[in-house]
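**Student:** Here is a sequence together with a model predicted from it:
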Amino acid sequence: MREKNRHILKKAIREMPVHKLPNESLWERIMENTANAQSMSNRLPTYKAPEGIWENIEKELNNKPAIRSWHALQYVRLAAAIAGLIVMLGTGWIIIRHYSGNITRQITETDLNYTETDKVAQSPLVYDPGLCRSNPRACNTKLFKELDQQWHDVKKELEMLEPEIQHNDPQLTRYFYRLDNLKIEIEKKMLKLILES
């Protein structure tokens, strides 16, 4: 391998300032301390390892993989438990989702063929358009006009659904009752605006 810019490195080394030690005795002290350290190490007590120490070490090293495999087995068990839990939760979710569409309120013919007096009892009319004559300022607000438009839209949809719920379709019936409740809530808000203004 060829060195690049070798001439630049040599020039930089030549231009480096040369430093001299403050006193020449520094190296002598370092050498003396090194000799003292060697003489001290000779005075340390020696220790002889017991017989069969290497065999015991090798035996312990051979036992380590068994411990590792035990830990791996614990992780496999934990992963299997988590997987089982996920499968159970997923199955439960699928079953609940499948059968929730079939759990509906059974409506008899008498529930669907109620009379006009029953209609008033089920969804009392709390809003009368004639009330706007008593408080025209409240009825001309933007909020009231939006609520009135929603009320008319819901009322039209209820009128369209009324003949359809005669076919005992549970979803349409539920939707019909939700719309009826929504109409009542809108009527209450409209009445509140008229009375509070």
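**Tutor:** Sure thing, it's come through.

**Student:** Where is the longest helix in the protein?
**Tutor:** For the chain, the helix reaching the highest residue count under DSSP state H is reported as helix 53-100.

**Student:** Remind me what that one packs against, helices and strands.
**Tutor:** On a contact count with 3 or more Cβ pairs under 8 Å, 6 or more residues apart in numbering; DSSP states H and E, helix 53-100 meets no helix or strand. In short, each C-beta sits where N, CA and C put it, glycine included.

**Student:** For D148, the count of nearby residues, please.
**Tutor:** 17 (other Cβ atoms under 10 Å).

**Student:** Confirm for me that it is in contact with M190.
**Tutor:** Yes - look at D148 against M190 with Cβ atoms under 8 Å: they come within range, at 6.7 Å.

**Student:** How much space separates the spatially most central residue of the chain from W93?
**Tutor:** For the chain, I86 is the residue whose C-alpha lies nearest the centre (Cα atoms, centre = their mean; 16.3 Å). Separation of I86 from W93 (Cβ to Cβ, to the nearest Å): 10 Å.

**Student:** same check, this time on E32
**Tutor:** 82 Å.

**Student:** try L44
**Tutor:** 72 Å.

**Student:** quick one, which of the two is more surrounded?
**Tutor:** It is W93, of L44 and W93, that has more neighbours when counted by other Cβ under 10 Å, with 10 against 7.

**Student:** Per-residue pLDDT of the more buried one, please?
**Tutor:** If you check W93, the pLDDT there is 82.

**Student:** Return the residues in contact with the residue nearest to V154 when sequence neighbours are not counted.
**Tutor:** Using Cβ to Cβ, 6 or more residues apart in numbering and skipping the chain neighbours, the partner closest in space to V154 is K183 (4.6 Å). Counting by Cβ atoms under 8 Å, 6 or more residues apart in numbering, K183 touches S123, W151, V154, K155, L158.

**Student:** What about the residues you listed, which are in helices?
**Tutor:** Using DSSP H, the members of the contacts of K183 that fall in helices are W151, V154, K155, L158.

**Student:** Per-residue pLDDT of G84, please?
**Tutor:** For G84, the model assigns a pLDDT of 92.

**Student:** What is the neighbour count of it?
**Tutor:** Applying other Cβ under 10 Å, we find 10 other residues in the vicinity of G84.

**Student:** Let me see the domain layout of this structure.
**Tutor:** Annotated domains of the chain cover 68-103, 109-196 [automatic domain parsing].

**Student:** okay, these, which one's buried deepest?
**Tutor:** The highest mean neighbour count among the domains of the chain, using mean count of other Cβ atoms under 10 Å, belongs to domain 109-196: a mean of 13.

**Student:** how about low-confidence regions in the protein?
**Tutor:** The chain contains residues with pLDDT under 70 at 1, 20-24, 64-70, 98-128, 197.
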